[in-house]
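Q: one predicted model, sequence on top.
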Amino acid sequence: MFTSAGGVPASAIAAWDGLEWAALGDGVGTGNPALEPVVQVLLVHADRLVVAGVFTSAGGIAVTNGLALWDGAAWAAVLPPNPAIGFANALASDGMLLYVGAELAAEPLRWVIHTWDGAQWAPLGGSAGSVFTNDERATLSLTALAIYGPTLVAGGNFWAVNDVPAANLAAWNGTTWSEFGSGTFGGGVAQNGLVVACNVGALGAGCATCAAGFYGPPCSPCPVGSYAAASATKRKACTPCPVGHTTVAVGSASATACVCAPGFTARFLADSTVDGCICT
């Protein structure tokens, strides 16, 4: 909730390029001078920035559900509108679906998750959806979503999802809800964001892409004597070095890491270029 960034006029959202701040077009608004717009969540989905919060326009374009898309040059609405939910409060993306946590429009203080595939909306969990509950409805909230491998993790102030006990953290495996780990107790509430980091060597949505020098998933470093020159999904093995060659360490990311193995020496051509390794 701000009107400038680094002295540059910006309505609730701004971009930093490493040197200075800039506005994203006209930013977001409410159409009501007495009500300031609020941006609560930013997420990259399908090569566009998804912005969620309490606002009804973006770049002068009418938007619904407090959701807007920025492609680097212009704003767009998330279409079609979703009349079942109010303002979006939490976002996650698996690269295909956008997950949106929000209150039910017809019944505030009942929080749900709906998905958007770029063309249509659907409640997560089938027609019955996923309903978060709390013994004290006034404190109920769904404030954070994140993709963790094949699992959607939800965080907030709740004690159950579809009557499945979950203390402020819940996990959706594509079929059912369960508590994530042992939840959080003692007044702890998962607020404002969940961050998922891939293991070393893993990249991409769901951490399913192995970086150069790794194979899998789960991504493991290439063993000595092999290498992987480019990132890939479901790489079953690394490329072995030529006969007489090996690497000096695991996780080699280039064929140039293959050097003459013990017992072998470099063989040179007349122009002094190396022509493999020969047994000595």
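A: Yep, it's here.
Q: can you list the weak-confidence ranges in the stretch 1-150 of the chain?
A: Along the stretch 1-150 of the chain, segments meeting pLDDT under 70 span 137-138.
Q: same thing but at 80, please
A: 135-138, 149 (pLDDT under 80).
Q: residues in contact with the residue nearest to residue 128 when sequence neighbours are not counted?
A: With CB to CB, 6 or more residues apart in numbering as the criterion, residue 128 has its nearest non-adjacent residue at 7.5 Å, and that residue is residue 162. Where C-beta positions appear, they are placed from N, C-alpha and C, glycine not excepted. Residue 162 is in contact with 125, 128, 130, 131, 177, counting by CB atoms under 8 Å, 6 or more residues apart in numbering.
Q: report the two of those residues separated the most.
A: Greatest spacing in the contacts of residue 162, by CB to CB: 128 and 177 (11.6 Å).
Q: mind listing what residue 98 touches?
A: 43, 45, 46, 50, 78, 91, 92, 115, 116, 117, 118.
Q: recalculate using a threshold of 6 Å.
A: 45, 116 (CB atoms under 6 Å, 6 or more residues apart in numbering).
Q: wait, residue 140 touches residue 134, no?
A: Yes - Residue 140 lies in contact with residue 134 (CB atoms under 6 Å); the separation is 4.0 Å.
Q: residue 267: neighbour count?
A: 12 (other CB atoms under 10 Å).
Q: quick one, phi psi at it?
A: phi -110, psi 130 (degrees, to the nearest 10).
Q: just checking, it touches residue 278?
A: Yes - counting by CB under 6 Å, residue 278 is a contact partner of residue 267 at 4.7 Å.
Q: mind listing what the one residue sitting closest to the centre of the chain touches?
A: Central residue of the chain (CA atoms, centre = their mean): residue 93, 5.4 Å from the mean position. Applying CB under 6 Å, 6+ apart to residue 93 gives the contacts 43, 45.
Q: who is it paired with across the strands?
A: With DSSP bridges as the criterion, residue 93 is bridged to residue 98.
Q: and it, how far is that from residue 68?
A: In this view, residue 93 and residue 68 are 15 Å apart by CB to CB, to the nearest Å.
Q: next: residue 168.
A: Residue 168 sits 29 Å away from residue 68, going by CB to CB.
Q: more neighbours, these two?
A: Applying other CB under 10 Å to residue 168 and residue 68 shows that residue 68 carries more neighbours, namely 29 against 24.
Q: element containing the more buried one?
A: Assigned by DSSP states H and E, residue 68 falls within strand 67-70.
Q: elements contacting that strand?
A: strand 48-54 (3 or more CB pairs under 6 Å, 6 or more residues apart in numbering; DSSP states H and E).
Q: name every strand pairing with the strand it packs on and say which way it goes.
A: Strand 48-54 sits in its sheet next to strand 38-45 (antiparallel), strand 67-70 (antiparallel), going by DSSP bridges.
Q: tell me which of those strands is the most buried.
A: strand 67-70 (a mean of 24; mean count of other CB atoms under 10 Å).
Q: after that strand comes which helix or strand?
A: strand 75-77.
Q: could you pull out the buried residues of that next one?
A: Buried residues in strand 75-77, counted by 16 or more other CB atoms under 10 Å: 75, 77.
Q: re the thing from before, now the residue nearest to residue 128: how far from residue 23?
A: 42 Å.
Q: and if you look at residue 149?
A: Noted for residue 149: a distance of 37 Å to residue 23, by CB to CB.
Q: hang on, residue 256 in a helix?
A: Yes - under DSSP: H, G, I helix; E, B strand; the rest coil, residue 256 sits within a helix.
Q: tell me the phi and psi of the closest residue to residue 46 other than its chain neighbours?
A: Spatial nearest neighbour of residue 46, excluding adjacent residues (CB to CB, 6+ apart): residue 118 at 6.7 Å. The phi and psi values for residue 118, taken as degrees, to the nearest 10, are phi 100, psi -10.
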